[in-house]
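J.: sequence first, predicted model second:
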Amino acid sequence: MRVFVTGGTGFVGRYVVKELINEGHEVHLGVRNPRKAESLFGGDVGTHEVNFLDRSSIEAVLSSVNPKAIIHLIGILFEDRRRGLTFEKVHYLFSANIYETARQLGIDRAVHMSALGTHDSAPSRYHQTKRWAEKGLMESGIRFTIFRPSLILGPEQKLFFDMDSVTRVLPVVALPGGGNYRFQPVDVRDVAGCFVRALSEPETEGKIYELCGTKQVSFRELLRDIFSFWNRRVLMIPLPKTLMYYMGKIVERLIYPPPFSSDQMLMMWKDNVCGILGDAESQGVQKVLKREPIPYEESLRWALEGYAEITSSSG
Ligand SMILES: NC(=O)c1ccc[n+]([C@@H]2O[C@H](COP(=O)([O-])OP(=O)(O)OC[C@H]3O[C@@H](n4cnc5c(N)ncnc54)[C@H](OP(=O)(O)O)[C@@H]3O)[C@@H](O)[C@H]2O)c1
């Protein structure tokens with residue numbers, strides 16, 4: 001199948017693109033930086049520069065590629081207000097532009113990346129705008145599948161880079177709310193598998209799936225597991241979430257990307273585990289891939305071994 005992918009140059013996107021290629025699909029990437037795409041995938045994919053704020057740019061590319069389906073992965077964790085890249089623009093407006101253009105061109109299948117915690121009354125801007133994007137797609141008439149993963153484990157997970165660089169300098173980290181906030185991390189290979197399998201499984205159409213791994217872990221436990229793999233003693237200091245929210249307000253004005261943001265603190269207000277919200281299918285990996293997710297311990301070890309390879313080869 002000819003598939004148009006956005007966000008293919010990101011952490012998750014790389015695995016989705018590889019899986020698509022392995023499964024024999026013809027892949028076309030819509031990107032802001034064609035050089036990055038070419039250095040990652042060479043001639044294995046078609047690369048097309050797109051401005052996702054400009055519908056005519058999207059239309060030109062989609063009409064020339066004429067894909068059977070779209071996989072839309074673009075998302076940001078922090079707003080870049082200096083460049084006008086707000087959550088509203090990148091999550092909602094990009095999606096609205098892509099799906100409205102696709103609908104007009106008769107492209108009627110999309111697999112969409114959302115995030116666990118996305119719901120109508122979510123406190124964070126990240127999740128609110130993800131919800132608007134979901135709703136826009138659901139109302140577009142396009143046959144959709146939406147995935148909402150918890151934290152995704154893989155060698156390129158940003159948390160590893162952040163924690164590594166911070167604790168190398170000073171082995172101390174702050175734990176918002178004591179780090180009791182729970183995730184249910186899911187392996188990036190399972191996430192990629194779900195996106196690609198959805199294309200060939202009509203039973204996934206019209207559904208929202210939560211994607212979680214085998215184990216719920218608190219933020220404190222996850223960090224403890226990461227530091228113990230690195231054999232690094234780190235002092236974890238609990239700080240109130242409200243205090244970190246206001247600290248985030250300050251640092252995000254001074255540094256881009258910030259080490260953490262106020263919106264991230266709002267994202268941590270509720271546990272990020274599957275089965276809490278009633279508007280989605282929980283057990284997404286099991287339902288779509290028809291097997292259990294890769295176990296947490298195996299996934300974390302693989303991800304951290306891969307992280308070590310990346311960082312050793314980049315010096
Ligand atoms: N990582 C997780 O744990 C996690 C968990 C749940 C949901 N998600 C969702 O999964 C998706 C992918 O996340 P990720 O971890 O792979 O993020 P990532 O590594 O930061 O990749 C983001 C992708 O979006 C593209 N992008 C960002 N801003 C853009 C813009 N203004 N114009 C065009 N392209 C833009 C990036 O392009 P460049 O390569 O040019 O920067 C990159 O391809 C996001 O929607 C995220 O919300 C991630």
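T.: That came through, no problem.

J.: close to the ligand: what parts of the stretch 101-250 of the chain are there?
T.: Met113, Ala115, Pro149, Leu151, Ile152 (Cβ under 6 Å from any ligand atom). C-beta coordinates here come from the backbone N, C-alpha and C atoms, glycine included.

J.: among these, who's most crowded?
T.: Pro149 (28 neighbours; other Cβ atoms under 10 Å).

J.: please name the bridge partners of Leu239.
T.: Counting by DSSP bridges, Leu239 forms beta bridges with Pro176.

J.: so who does it touch?
T.: Going by Cβ atoms under 8 Å, 6 or more residues apart in numbering, Leu239 touches Ala174, Leu175, Pro176, Gly177.

J.: and for Ser228?
T.: Listed by Cβ under 8 Å, 6+ apart, the contact set of Ser228 is empty.

J.: and if you look at the one 5 residues further on?
T.: With contacts defined as Cβ under 8 Å, 6+ apart, the neighbours of Arg233 are Pro171, Phe227.

J.: for Asn51, same thing?
T.: For Asn51, the contacting residues are Arg32, Ser57, Ile58, by Cβ under 8 Å, 6+ apart.

J.: give the buried residues for stretch 148-166.
T.: Neighbour counts over stretch 148-166 (16 or more other Cβ atoms under 10 Å) mark 148-157, 159-160, 163-164 as buried.

J.: which stretches of the stretch 1-150 of the chain form strands?
T.: For the stretch 1-150 of the chain, the strands defined by DSSP state E, counting those that start in this stretch occupy 2-6, 26-31, 46-49, 69-72, 109-113, 143-149.

J.: spell out the secondary structure type for Phe260.
T.: Under DSSP: H, G, I helix; E, B strand; the rest coil, Phe260 falls in the coil class.

J.: could you find the closest non-adjacent residue to it?
T.: For Phe260, ignoring the flanking residues on the chain, the nearest one in space by Cβ to Cβ, 6 or more residues apart in numbering is Gly248 at 5.6 Å.

J.: wait, doesn't the one you found sit right on Asp263?
T.: Yes - Gly248 lies in contact with Asp263 (Cβ atoms under 8 Å); the separation is 7.5 Å.

J.: what about the nearest residue to Val61 once chain neighbours are set aside, how many residues nearby?
T.: Closest residue in space to Val61, ignoring its immediate chain neighbours: His48 at 4.5 Å, by Cβ to Cβ, 6+ apart. The number of residues packed near His48 is 19, by other Cβ under 10 Å.

J.: test my guess that His48 contacts Val27.
T.: No - assessed by Cβ under 8 Å, His48 is found out of contact with Val27, at 11.2 Å.

J.: rewinding a little: among the contacts of Leu239, name the buried ones.
T.: Buried, going by 16+ other Cβ under 10 Å: Leu175, Pro176, Gly177, out of these.

J.: dump these into TSV; add pLDDT as well.
T.: TSV is the format used below for the buried ones among the contacts of Leu239 (pLDDT from 0 to 100):
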residue	pLDDT
Leu175	95
Pro176	94
Gly177	93
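
J.: between those residues, which is nearest the ligand?
T.: Within the buried ones among the contacts of Leu239, proximity to the ligand (Cβ to the nearest ligand atom) peaks at Pro176, which comes in at 16.8 Å.

J.: need the contact list for that closest one.
T.: Phe219, Leu239, Pro240, Lys241, Met244, Phe260, Met265, Met268.

J.: out of the contacts of Leu239, which is nearest to Ile70?
T.: Within those, the smallest distance to Ile70 is 35.5 Å, found for Pro176 (Cβ to Cβ).

J.: how close does the closest one sit to Val273?
T.: 17 Å (Cβ to Cβ, to the nearest Å).

J.: how about His48?
T.: Separation of His48 from Val273 (Cβ to Cβ): 37 Å.

J.: same question for Tyr181.
T.: Shown here: Tyr181 relative to Val273, a distance of 10 Å by Cβ to Cβ.

J.: what of Gly306?
T.: As defined by Cβ to Cβ, Gly306 lies at a distance of 24 Å from Val273.

J.: can you give me the strands in the stretch 201-315 of the chain?
T.: So, for the stretch 201-315 of the chain - with DSSP E, counting those that start in this stretch - the strands run 207-211, 217-218, 235-239.

J.: just send those back as a markdown table, with mean pLDDT too.
T.: Below are those laid out as a markdown table (pLDDT from 0 to 100):
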| stretch | mean pLDDT |
| --- | --- |
| strand 207-211 | 98 |
| strand 217-218 | 98 |
| strand 235-239 | 96 |
